[in-house]
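**Q** coords below, sequence missing:
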């Protein structure tokens, strides 16, 4: 009956040390979200396939984990359908539920189902795992957490400003220096309009993004290679060579986009956001970056992305404004703006830079050594007292060799060990050993509590 | 394309108010677990069906949610097998993963897979959802959280003592008065041995349990109806009529069980646990209850159960000692003891008794009313300052009617509202309105922070 156990590929166990670090990340993000008035919700791991299918493109539909129906799952499948072996068609009969793929679609579904309870603007955050049947690789998992915050039902750009402040506050608390990049979909649309190349906006941003690496001539060459006209390339030059402060950049862009209503709206929005952020004393730099082009088929206004300055890793937070979150569920007119922290990458950055505060990952603070029944009876009231004082305390449950108990303290990284033998018991005291310095001293139970 | 969204039956959305309450419950339990040196782990939602199948009985196997394999899930199914329509056999080919059914089997799997990293005794806690394809009914869900703590790799009864202290501490923090019941599987085995009715131990405990309701004669009648011999019933009388303090009960049982080695071991264990608990100053009563018979095919020593004294509801926490947690995965000799808090029922009890501390469910504390762009510019630095002081603060993002903004404050149960118009701006002040008392006063930004 014995089999060697394993876990599904692309999934992970989190042990005590990893959990302490992950809790530090999630607790920090949660505290800051709450500080800005965001409220937590949770949705079920399983959603109906009606809710999930068709929301992530054809590829996304394939990457959904589907749940086999309970009981006789072949009930509504005819012999002919079985013989046909059309797995796509068949799965809609075998399965009516799937695991959530992100937190956005469940949130949209939540807003529609609870429209009568929700007070708009609705500022919600949600920190839960999602599942994708992607091919696992380094840094890509089939189960991972997303940490989303969104405001829906408000078009005010103050929301964008506050989300940037949240990002700044969170990374300041983590001690991670970041660069926050912002762009605006409307500016990109404006550029495409003005140069008459609406379809090629992604090619253009990709090419511009290479300026530092390959130089102006090569960027223009790449644009030509993508079939952009000479006239359009000419018009693009001020944009490609865009430099200076955010204000200077916006002035140049406004000039280039003077004939595009949409483009100018994007400039105005960016100005509002950047002006307000300048006055709010951010710790990290916010930079207008026209090459930022994430989520272009989704975002309709501001686009955000955060990169760590001291670690080479992809973006660690992203977000933007979108229209019509809930239209697909029959409730039009709800727009919103949101961000999502990449917990797994933040975990890696904090590890690389060794930034976890000691207290945040410290488990048990004090271990009482077990010398036998009598000594234990002496220790138990003291153990109760240290716990009452809020000190995370253990007493080793078994009377085993001292060496084994000390090794337990070492492995669990416990800061202090308390020992009580005959001498201590006679004097009503405890020997307290500092595991970092090796120092030992004889103390009363009250002194013990004050020492830790 | 629009469809009216729904969620799978037996699952739930948790809105902001419910989440605040649930977080209060989980955070309290987590803090107490950590106070006793337990460390958190998490395991993936999906486990291989190898890990899950055969662990919960035939019925349990049916209640597992199974995940359809990705890609061509019919690959290894022959035409004949399809034609056969044997859903049980077929599903092992269609699916190789399932959702976890409890936290115990994943924990056992974790211990085996991480045996080389784990320091024994291993005190772990785990708070995660589990999924069961049960027929949903009031209070029974297809997705629900379990909150387990276990110590494995230690036979010491101090672990039992500490788990009872954890239970006492948690319910004291909640303000829920409880009765903690303990029993011991070895005592039940001893009784069955002594009266020569090994097979009927469950029938016997069920009958004894009815003493209060139906009286001694009817209990004996029921025993007879269950085929228990007159001689056995005679021997059972002191057990059925068992009354008095825990010590008195144990004395009577020890006398009845004097010929059963196992039974006496159970008495000795119970005595150790109860004696140690008596000296540790519990706030709630611990009662020896021989009719407590949960998990009889699983627990091998102590058995625990907790009932709320002031609300009629089933058990709100349970647990016990078990042998050989990991034998099924090829790693014998690991025994343990654990408890599990029933979060959903505790939620109901706290609701019924209205015991949530106000602070624990309070979201935003302060809302700034939005009177327009100029006023907002005046307020934003003050908003930043209150947040810096740790006050959960919002500024209404849109300039809409005052009434709508006040209604937002009411619905979100925000304690204070801050207003700044022309007068306030001239004086460098803020009007602060206490939403509970209705009082208003004109204050400086510093005074504002101190008021909240």
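**A** Alright, I've got the coordinates. These numbers come from a predicted model, not from an experiment. Numbering: from 1, shown residues only, chains lettered A, B, ... in the order given.

**Q** mind checking how far residue A:100 is from chain B?
**A** For residue A:100, the distance to chain B equals 11 Å [C-beta to the nearest C-beta, to the nearest Å]. No exception for glycine: its C-beta is placed from N, CA and C like everyone else's.

**Q** tell me where the stretch 351-452 of chain A has helices.
**A** Remark: helices assigned in the stretch 351-452 of chain A by DSSP state H, counting those that start in this stretch are A:358-361, A:373-388, A:402-411, A:422-427, A:445-451.

**Q** packed most tightly, which of these would that be?
**A** For the helices of the stretch 351-452 of chain A, average neighbour numbers computed from mean count of other C-beta atoms under 10 Å in any protein chain shown are highest in helix A:373-388, which has a mean of 18.

**Q** quick one on the thing from earlier: now tabulate the helices of the stretch 351-452 of chain A in TSV and tack on distance to chain B.
**A** Formatted as TSV, the helices of the stretch 351-452 of chain A follow (distance: least, C-beta to the nearest C-beta, whole Å):
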stretch	distance to chain B
helix A:358-361	11
helix A:373-388	5
helix A:402-411	4
helix A:422-427	16
helix A:445-451	14
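
**Q** least reliable of the ones you listed going by mean pLDDT?
**A** Among the helices of the stretch 351-452 of chain A, helix A:358-361 carries the lowest mean pLDDT, at a mean of 88.

**Q** which outside residues touch that one?
**A** By C-beta atoms under 8 Å, 6 or more residues apart in numbering or on different chains, the residues outside helix A:358-361 that reach it are A:17, A:20, A:21, A:23, A:24.

**Q** for the third one, give me the pLDDT.
**A** What the model reports as pLDDT for residue A:21 is 96.

**Q** the last one too?
**A** With respect to pLDDT, residue A:24 has a value of 96.

**Q** residue A:362 is in contact with that one, correct?
**A** No - the criterion here is C-beta atoms under 8 Å, and residue A:24 misses it with residue A:362 at 10.6 Å.

**Q** more neighbours: which of these two?
**A** Taking neighbours as other C-beta atoms under 10 Å in any protein chain shown, residue A:24 and residue A:362 compare with residue A:24 leading, 20 against 16.

**Q** one step back: so what sits against both of residue A:24 and residue A:362?
**A** Listed contacts common to residue A:24 and residue A:362 are nil; contacts here mean C-beta under 8 Å, 6+ apart.

**Q** name the element residue A:125 belongs to?
**A** Residue A:125 is part of strand A:122-131 when elements are defined by DSSP states H and E.

**Q** same check on residue A:162?
**A** Per DSSP H and E: residue A:162 is located in helix A:158-174.

**Q** around chain B, pick out the residues from the stretch 251-400 of chain A.
**A** A:276, A:279-281, A:327-330, A:363-364, A:367, A:370, A:376-377, A:380-381, A:384, A:387, A:390-395, A:397-398 (C-beta under 8 Å from any C-beta of the partner chain).

**Q** ok, of those, which come out buried?
**A** Listed as buried from these are A:276, A:280, A:327-329, A:363-364, A:367, A:370, A:376, A:380, A:384, A:387, A:391-395, A:397; burial here means 16 or more other C-beta atoms under 10 Å in any protein chain shown.

**Q** now, the residues you listed that are in strands?
**A** The strands, defined by DSSP state E, take in A:367, A:393, A:394, A:395 from those.

**Q** redo those residues as JSON lines? Include distance to residue A:80 and pLDDT.
**A** Conversion of those to JSON lines gives the following (distance: C-beta to C-beta, whole Å; pLDDT from 0 to 100):
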{"residue": "A:367", "distance to residue A:80": "68", "pLDDT": "97"}
{"residue": "A:393", "distance to residue A:80": "68", "pLDDT": "97"}
{"residue": "A:394", "distance to residue A:80": "65", "pLDDT": "97"}
{"residue": "A:395", "distance to residue A:80": "68", "pLDDT": "97"}
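
**Q** surely residue A:290 meets residue A:190?
**A** No - contact criterion C-beta under 8 Å: residue A:290 and residue A:190 do not qualify, at 10.6 Å.

**Q** more neighbours, those two?
**A** Between residue A:290 and residue A:190, counting by other C-beta under 10 Å, residue A:190 is the more crowded of the two (25 against 20).

**Q** sorry, back to before: how far does the helix or strand just after the helix holding residue A:162 sit from its chain's centre?
**A** Once helix A:158-174 ends, the next helix or strand along the chain (criterion: DSSP H and E) is strand A:178-184. When distances are taken as C-alpha atoms, centre = their mean, to the nearest Å, strand A:178-184 is centred 16 Å away from the chain's centroid.

**Q** what does stretch A:382-398 give?
**A** Between the centre of stretch A:382-398 and the centre of its chain there are 35 Å (C-alpha atoms, centre = their mean).

**Q** quick one: end-to-end distance for that stretch.
**A** The first and last residues of stretch A:382-398 sit 18 Å apart, counting by C-alpha to C-alpha, to the nearest Å.

**Q** out of the helices of the stretch 351-452 of chain A, flag the one nearest residue B:426.
**A** Nearest of the helices of the stretch 351-452 of chain A to residue B:426, taken as C-beta to C-beta: helix A:358-361 at 45.2 Å.

**Q** any idea how far the closest one is from the chain center?
**A** On the basis of C-alpha atoms, centre = their mean, helix A:358-361 sits 20 Å off its chain's mean C-alpha point.

**Q** can you check stretch A:206-215 too?
**A** Relative to its parent chain, stretch A:206-215 has a centroid offset of 29 Å by C-alpha atoms, centre = their mean.

**Q** ok, stretch A:77-91 next?
**A** Chain-centre distance of stretch A:77-91: 39 Å, with C-alpha atoms, centre = their mean.

**Q** pull out the buried positions in that stretch.
**A** Neighbour counts using 16+ other C-beta under 10 Å place A:77, A:82, A:90, A:91 of stretch A:77-91 among the buried residues.

**Q** any idea which element the last one lies in?
**A** With the criterion set as DSSP H and E, the secondary-structure element containing residue A:91 is helix A:87-94.

**Q** now do that helix: which elements does it pack against?
**A** In terms of contacts (3 or more C-beta pairs under 8 Å, 6 or more residues apart in numbering or on different chains; DSSP states H and E), helix A:87-94 is packed against strand A:66-68, helix A:79-84.

**Q** could I get those as TSV with mean pLDDT and distance to chain B?
**A** What follows is those, written out as TSV (pLDDT from 0 to 100; distance: least, C-beta to the nearest C-beta, whole Å):
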stretch	mean pLDDT	distance to chain B
strand A:66-68	97	4
helix A:79-84	90	5
